[in-house]
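Trainee: sharing a model that was predicted from the sequence below.
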Amino acid sequence: MNEKKIVDEQLSYKIIQKIKSKIKPDIKSIFLKLFLVHLSVALFTLSVCPQLGVSSFKTNLNFSHVFLAFGDKGCELFCGFFFTSASIAVSFIFLTRDEVRFLRFNKTYLASVFILSSIGFLLMFNSQLFVELSILWLLGTFIGVIGTLEVGAYILRYVH
C-alpha cells in the first residue's frame, strides 16, 4: 500500500510539472529562440530593405523603393512593419503552440523586448540612429510584432 502511495505521488508530481510547463513555458528559452531568429532574419531584411540608414548587404532587390510609393512617412511605417513581422513569421517555425499561446497573453512584453532589441541591433550598425528614429517606424514595428503574432496564432489554430 505504501509503494502505491509513493508511485501515485511521483506520478502526480510529474503530471503537475508537465501541466505547469505547458501553461507557463520557460521564458528564457522562448526569448533565446526569438533572439536567434531575429538576428538572422534581420540581416536578411536589412539587405532588402535598409532600416533607418542601416543596410547589411548590398543587393539589387530593394523593398524601400516599393514602400517609398507611399511617401516618406509610409515608407517608415512599412519598413518598421517588415523588419519585425518577417522575424515573427519565421519564429513560428521554431516555437511550439504553447510558446505561441504564452506570447499571445504577454503581447506587450513581447513587443517591448522585440522592439528594444531591434533598436539595439540597429544601433550596433549606426550610432546616429536616434537622429533618424521616428514614431512611425516604431508604430510599424509594434503593428508588425502584434499583427503577425495574432495572424500566425490564428493560422496555427486551424493547422494540424
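Mentor: Perfect, thanks for sending it. Every value quoted in this text rests on a predicted model; they were computed, and no experiment measured them.
Trainee: report the contact partners of S21.
Mentor: Contacts for S21 (Cβ atoms under 8 Å, 6 or more residues apart in numbering) come out as D98. (Each C-beta comes from the backbone N, C-alpha and C, glycine too.)
Trainee: mind checking how far it is from T96?
Mentor: Using Cβ to Cβ, to the nearest Å, we find S21 at a distance of 10 Å from T96.
Trainee: now K24: phi and psi?
Mentor: When read as degrees, to the nearest 10, the backbone of K24 gives phi -130, psi 90.
Trainee: burial measure for L11, as a count.
Mentor: Summarising burial for L11: neighbours were counted as other Cβ atoms under 10 Å, giving 10.
Trainee: try K73
Mentor: The burial count for K73: 12, using other Cβ under 10 Å.
Trainee: cool, L138 as well?
Mentor: L138 has 16 nearby residues by other Cβ under 10 Å.
Trainee: try F142
Mentor: When neighbours are counted by other Cβ under 10 Å, F142 comes out with 19.
Trainee: ok, the closest residue to it other than its chain neighbours - contacts?
Mentor: Closest residue in space to F142, ignoring its immediate chain neighbours: A111 at 5.5 Å, by Cβ to Cβ, 6 or more residues apart in numbering. Shown in contact with A111 (Cβ under 8 Å, 6+ apart): 141-142, 145-146.
Trainee: columns secondary structure on top of these, output as a markdown table?
Mentor: Conversion of the contacts of A111 to a markdown table gives the following (DSSP: H, G, I helix; E, B strand; the rest coil):
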| residue | secondary structure |
| --- | --- |
| T141 | helix |
| F142 | helix |
| V145 | helix |
| I146 | helix |
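Trainee: Throw the residues you listed into TSV and include pLDDT, thanks.
Mentor: Listed next are the contacts of A111 as TSV, based on pLDDT from 0 to 100:
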residue	pLDDT
T141	90
F142	92
V145	92
I146	93
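Trainee: could I get these in JSON lines, plus columns for distance to L43?
Mentor: JSON lines is the format used below for the contacts of A111 (distance: Cβ to Cβ, whole Å):
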{"residue": "T141", "distance to L43": "17"}
{"residue": "F142", "distance to L43": "22"}
{"residue": "V145", "distance to L43": "18"}
{"residue": "I146", "distance to L43": "23"}
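Trainee: let's see if you can find the most crowded of these.
Mentor: The most neighbours of any of those, using other Cβ under 10 Å, belong to V145, which has 27 neighbours.
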